[in-house]
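1. Need coordinates for the below:
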Amino acid sequence: MKTNTIKIGEAVLLKFAARHGQKNISINPQTHCHEWLGAKNSAGYGYVKIDNRVIRVHRVTYALHYGEIKKGQVIMHKCDNRSCCNPVHLESGTQIENMRDMVSKGRGHWQNSQEALAAG
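-> Presented below is the predicted three-dimensional model:
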């Protein structure tokens, strides 16, 4: 039987909490973002490696606070800060919803380049 959730096992979640807790987080007083100070990928997302599995920190944080992530769902940053792992700033949605959010906020790479051309 196929499952409709992506499992981040309880053991992985417990290891993450025990190893990292609050020590790899800096809270931004203006934005209230919990900015990840540990490893980040080239796109700026924080990640950890637990049991030979690389997991993005915002996904682990979401799972710790809200439960399993449904299959086909992404975890979106309401704050638009890729290194943020504040659970209040995270929400589940589809990739289409994530793209609509990006466009509505003018964060598409083509939008930024057009603004730069117009300003230049």
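2. Please count neighbours and contacts with C-alpha atoms only from this point.
-> OK.
3. where's residue 80 relative to residue 31, distance?
-> For residue 80, the distance to residue 31 under the criterion Cα to Cα, to the nearest Å works out to 11 Å.
4. The two - which one has more neighbours?
-> Using other Cα atoms under 10 Å as the criterion, residue 80 and residue 31 rank with residue 80 on top: 15 against 12.
5. How much space separates that one from residue 74?
-> From residue 80 across to residue 74, the span is 14 Å (Cα to Cα).
6. what bits of this protein have low per-residue confidence?
-> 1-22, 109-120 (pLDDT under 70).
7. all helices for it, in order.
-> When assigned using DSSP state H, the helices of the chain occupy the ranges 10-20, 57-66, 95-104, 109-119.
8. so what does the third one touch, helix or strand wise?
-> If I follow you right, that is helix 95-104. Applying 3 or more Cα pairs under 8 Å, 6 or more residues apart in numbering; DSSP states H and E, one finds that helix 95-104 contacts strand 74-77.
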